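S.K.: based on what follows, work out the 3D shape:
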Amino acid sequence: MKQKYQQGDVLLVAVSKPLESNIKTECKIEKGGDKEGKVILALGEATGHHHRFELNKLDPGVTVSTVHERYGGYGGSGYRRDASYYLIEGGPATLYHEEHNPLTVPPGLYRRTIIREYDHISQSSREVWD
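M.R.: Numbering: from 1, shown residues only. Below you'll find the model as predicted:
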């Protein structure tokens, strides 16, 4: 069974490789975070609070990298701007959000998804926002 870690609307699922399929995927790996030293997994749509790894709080030797998949097709090709995968190496990393308890995630490669909720009355699903 795959390891899963959830903080609010963000779900991290341990994977062995991006896309976990027979499709050969090229990826670009970027170590480090934004100019504030944060690796943001999801923006806070309703509150402005972000789900994030804070690099200055990591133990020495621990890195968090974003993994960007390559895409191609009729519109051209390149790497996806938003990362769907995150690579934690050298030890565990803690995920932070103002409205949730910190979540410690062990080293590994993780696919990030946003939790969806189903409305039985309207027969539709939508992303959960927090």
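
S.K.: in this protein, which spans are strands?
M.R.: 4-7, 10-15, 27-31, 38-42, 51-54, 63-73, 76-79, 85-89, 93-96, 103-105, 108-114, 116-119, 124-127 (DSSP state E).

S.K.: low-confidence stretches in this protein?
M.R.: 1, 18-30, 32, 45-46, 69-83, 116-120, 122-130 (pLDDT under 70).

S.K.: cutoff 80 now
M.R.: 1, 17-36, 44-48, 68-84, 115-130 (pLDDT under 80).

S.K.: and L109, what are its bridge partners?
M.R.: V15, L87 (DSSP bridges).

S.K.: measure it to S65 for me?
M.R.: 9 Å (Cβ to Cβ, to the nearest Å). C-beta: built from backbone N, CA, C; applies to glycine.

S.K.: next one: V13
M.R.: From V13 to S65 the distance is 17 Å (Cβ to Cβ).

S.K.: which one's more surrounded, those two?
M.R.: Ranked by neighbour count (other Cβ atoms under 10 Å), V13 and S65 place S65 first, with 19 against 16.

S.K.: I figured the more buried one hits G90, correct?
M.R.: No - using Cβ atoms under 8 Å, S65 is not in contact with G90, being 10.8 Å away.

S.K.: so who does T113 touch?
M.R.: T113 sits next to 10-11, 13, 84 when contact means Cβ atoms under 8 Å, 6 or more residues apart in numbering.

S.K.: how does it look with 6 Å?
M.R.: L11 (Cβ atoms under 6 Å, 6 or more residues apart in numbering).

S.K.: separation between it and L95?
M.R.: 14 Å.

S.K.: name the residues contacting each of S65 and G90.
M.R.: In contact with both S65 and G90: no residue, using Cβ under 6 Å, 6+ apart.

S.K.: which parts of stretch 40-56 are buried?
M.R.: For stretch 40-56, a neighbour-count test (16 or more other Cβ atoms under 10 Å) marks 40-42, 44, 49-55 as buried.

S.K.: what residues does that stretch touch?
M.R.: By Cβ under 6 Å, 6+ apart, stretch 40-56 touches 7, 10, 33, 37-39, 64, 93, 96-98, 112, 129.

S.K.: returning to that earlier point: ok, so of the buried residues of stretch 40-56, who is nearest K2?
M.R.: Closest approach between these and K2, by Cβ to Cβ: L41, at 17.7 Å.

S.K.: cool, thanks, signing off.
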